[in-house]
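> sequence plus the predicted model coming up.
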Amino acid sequence: MLKRKAEKSLMEWKKDHHKEALLVMGARQVGKTFLIESFIEDNYRHVVKFDLVDQADVKRAFDAATSSDDLFLAISAFAGAGLVPGSTVVFIDEVQECKEALTLIKYLAQRTEYDFILSGSLLGVELKDMRSAPVGYLTIVEMFPLDFEEFCWANGVGNETWQEMLAAFREKRPVQAAVHERLLKLLHLYLLIGGMPRPVDAFLRSTNVAVAQQRQMDILDLYRFDIAKYANVDKKLMIREIYDEMPSQLDSQSKRFNFSTLAPRGTYERYKEDFVWLVDAGVAISVRNVKEPKRPLRLSEDRSFFKLFMNDVGLLSRAFGLETARSMVSNEFNMNYGAIYENAVAEELRSHGFSGFFFRNRKVGEVDFLIQLHDAVLPIEVKSGKSYKRHNALRNLLDTTNYGISEAIVLCEDNLSVDGAIAYCPVYMVAALKR
């Protein structure tokens, strides 16, 4: 069983949820249902589960409910004798199929002696037009693919190893050589396998990359199916085209999304709803340019100028094709894997609660990432090759005194070293950045 950080959030909800229902959100295949079912097995004597995709009759009954009384009548009818007051949890999976149930559940959570857990995919898309958002009546937990620390847990990395990495980051010193080599090797594996639970589990059981890649391909196909099923009829084709275009856009020198690939005179305004759909569905990560590298960064973001990363680095590696996988397995990391490294960093920052930005202007150049950390702006450059100490834009940024930036990080393949205001850290140390 894969250990997930979100389990702690579920335990905290059960301890003091004060009549709030629990909603677990996240893209499809990030492990929501498995985590919830394991949590329920460990913490409840009785469970009533509904799957609104597989149980069409339950969905029809939920759709017909116009009040909390109607909804509870439907729940009790299909639960039979399973509802035991005080010791039962009602788990409604695939709740995006009946989003109005979220509005009605809040009243049931307050009135009844049952706990309610809901889960679904594409909720960022489906809940936008809800008539009454259940703010204050839901505890929301958002799940992502396994981050690098969770991937290390799955591969047997103990606490001592991880604490050595964190201590080295805090003290700005090299990581012990054996620890560095192990974490770097696991990072390379993570870039290939990614953090989606099914490919990770398949690889751990078989040590067969091809088996994991088939699971990755299944997920890529499933995401395309979701676009066809859930996107508006007039948007489906363009959203699918943008989704399929993401790997080649990231493989370009700038990695910024070029709208002209969609149409000769393509603009952000023309396609913004399509990009937003992919981000809201959880299958893409948007990293936007800021006009000034000053906090709060969001105040100067340029929504029309962005990089669009995939939600899982393993899916990106699979989308790049088998040749990329073969060279990674052969440890040919002298090649340029900038897009794969940047995608992994974008994922890690998001899973740790950071809003990701980048900075580009004519005077300075382009810096890969900016985050707000401890009331300061921290620039981050990602270098996959040997020439990681060449970063003119980062130097220009630090030399521009009115920006007030005092330190920066370059993520690279080598062990930690410091040169003035710049810390050169192994890429896996992005896992040490926490809000």
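Structure's in. What do you need?

> show me what the least confident helix or strand in the chain by mean pLDDT is in contact with.
Counting by mean pLDDT, DSSP states H and E, the chain has its least confident helix or strand at helix 322-329, which shows a mean of 74. Residues from elsewhere that reach helix 322-329, judged by C-beta atoms under 8 Å, 6 or more residues apart in numbering: 188, 191-192, 209, 213, 317-318, 335, 337, 340. Heads up, the C-betas are built off the backbone N, CA and C, glycines and all.

> ok, now stretch 138-145?
4, 6, 9-10, 13, 17, 20-27, 30-32, 35, 102, 106, 194-197, 311-312, 314, 347, 350-351.

> please redo it, this time with the cut-off set to 6 Å
Residues outside stretch 138-145 that contact it (C-beta atoms under 6 Å, 6 or more residues apart in numbering) are 6, 9, 13, 17, 20-26, 30, 32, 195-196, 312, 351.

> quick check: residue 203 vs residue 155, distance?
10 Å (C-beta to C-beta, to the nearest Å).

> and if you look at residue 15?
Distance from residue 15 to residue 155, by C-beta to C-beta: 30 Å.

> okay, those two: which has more neighbours?
residue 155 (16 against 7; other C-beta atoms under 10 Å).

> and the pLDDT at that one?
pLDDT for residue 155: 98.

> domain-wise, how is the chain divided?
Under the assignment automatic domain parsing, the domains of the chain span 6-142, 148-432.

> do I have it right that residue 411 meets residue 382?
Yes: using C-beta atoms under 6 Å, residue 411 is in contact with residue 382, at 4.9 Å.

> got the contact list for the nearest residue to residue 392 once chain neighbours are set aside?
Of all residues not flanking residue 392 in the chain, residue 365 sits nearest, at 5.9 Å (C-beta to C-beta, 6 or more residues apart in numbering). By C-beta under 6 Å, 6+ apart, the contact list for residue 365 reads 392-393, 396.

> which of those sits closest to residue 238?
residue 393 (32.7 Å; C-beta to C-beta).

> so how far is residue 368 from residue 381?
In terms of C-beta to C-beta, residue 381 sits 5 Å off from residue 368.

> which one's more surrounded, those two?
Set side by side, residue 381 and residue 368 show more neighbours around residue 368, with 26 against 23, by other C-beta under 10 Å.

> thought the more buried one was touching residue 382?
Yes: counting by C-beta under 6 Å, residue 368 touches residue 382, with 4.9 Å between them.

> thinking again about what came up before, quick one: mean pLDDT for the very next helix or strand once past the least confident helix or strand of the chain?
Sequence order places helix 338-351 as the next helix or strand after helix 322-329, per DSSP states H and E. Mean pLDDT, helix 338-351: 96.

> same thing with stretch 427-435?
Mean pLDDT, computed over stretch 427-435, is 94.

> so residue 109 makes contact with residue 118?
No: with contacts counted by C-beta under 6 Å, residue 109 stays clear of residue 118, the gap being 10.1 Å.

> taking the centroid of the chain, which residue is nearest it?
Nearest to the geometric centre of the chain sits residue 144, at 3.9 Å (C-alpha atoms, centre = their mean).

> which residue ranges form the helices in the stretch 1-150 of the chain?
6-16, 32-43, 56-64, 68-79, 100-111, 123-126, 148-154 (DSSP state H, counting those that start in this stretch).

> could I get these as a markdown table with distance to residue 273?
Listed next are the helices of the stretch 1-150 of the chain as a markdown table, based on distance: least, C-beta to C-beta, whole Å:
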| stretch | distance to residue 273 |
| --- | --- |
| helix 6-16 | 30 |
| helix 32-43 | 26 |
| helix 56-64 | 26 |
| helix 68-79 | 31 |
| helix 100-111 | 23 |
| helix 123-126 | 11 |
| helix 148-154 | 33 |
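
> shaky segments in the stretch 51-200 of the chain?
Regions of the stretch 51-200 of the chain meeting the criterion pLDDT under 70 cover residues 127-136.

> try 50 this time
Counting by pLDDT under 50, the stretch 51-200 of the chain shows low-confidence ranges at 131.
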